[in-house]
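Enquirer: return atomic coordinates for the entry below.
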Amino acid sequence: MADDFETLSPGLTSPGSDVFPITPDDDNDLTKVTRAIRAGTGGDIVAVMLSGNTRTLKFADGETRAVRVRRVLVSGTTAGDMEGIV
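Expert: Below you'll find the predicted structure:
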């Protein structure tokens, strides 16, 4: 299949190229740093950002937000059906 954009360098405003399920874990980082997160079921996502700061993000059902996250914590996370977009 032809990809008209394969010669372009992806930037942070480019669409994601892959999606993976997020399982919250207090001790381990995600397999990849996200460019965005989608929460199928809304609630709080307690995340360790790429910067190392821990933040609580509030998501509505089905919301996607462009955030660079390296870990999603079990403690305090109430959102569900989360996906990381890279």
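
Enquirer: against L50, how distant is the residue nearest the centre of the chain?
Expert: Centroid-nearest residue in the chain: I37, 3.0 Å away (criterion: CA atoms, centre = their mean). Here I37 is placed at a distance of 12 Å from L50 (CB to CB, to the nearest Å). Bear in mind the C-beta positions are built from the backbone N, C-alpha and C, glycine included.

Enquirer: who touches both of these two?
Expert: V69 (CB atoms under 8 Å, 6 or more residues apart in numbering).

Enquirer: follow-up on the earlier one: wait, the residue nearest to the centre of the chain touches V69, no?
Expert: Yes: under the criterion of CB atoms under 8 Å, I37 makes contact with V69 at 6.0 Å.

Enquirer: so what sits against both of the two?
Expert: Common neighbours of I37 and V69 (CB under 8 Å, 6+ apart) are 47, 84.

Enquirer: hmm, who's touching stretch 51-63?
Expert: Under CB under 8 Å, 6+ apart, the answer for stretch 51-63 is 37-49, 65, 67-68, 73, 76, 79.

Enquirer: noted, bye for now.
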